[in-house]
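>>> no sequence for this one, just the structure:
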């Protein structure tokens, strides 16, 4: 799956919601802090992590690539 952004970056918490992988931002925050989200293959605990074009984030067996 790909998500297309129109800005320089998108924060991880927002990306999870934008991709439809979570319903609410508070859910995204909890999943990130519990170590359930990976960015470029590594667990990421920073909900404000800036994702840029080409970054891939994974959650619940699904992966999304950020495109512009």
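That came in fine, so what should we check first? None of the values given here were measured: they were computed from a predicted structure.

>>> now the strand ranked longest in the chain: how far from the chain's centre is it?
The strand spanning the most residues in the chain, taking DSSP state E as the definition, is strand 62-67. Put simply, strand 62-67 sits 8 Å off its chain's centre (CA atoms, centre = their mean, to the nearest Å).

>>> Repeat that for stretch 19-29.
Stretch 19-29 sits 9 Å away from the centroid of its parent chain (CA atoms, centre = their mean).

>>> got it, and stretch 8-26?
6 Å.

>>> so how far is the first residue of it from its last?
Stretch 8-26 has an end-to-end distance of 24 Å (CA to CA, to the nearest Å).

>>> next one: stretch 51-61
With CA to CA as the measure, stretch 51-61 spans 19 Å from end to end.

>>> mean confidence for it?
For stretch 51-61, mean pLDDT is 96.

>>> next one: the helix or strand hosting residue 30 to chain centre, how far?
Here residue 30 sits within helix 25-33, counting by DSSP states H and E. Remark: helix 25-33 is offset 10 Å from the chain centroid, using CA atoms, centre = their mean.
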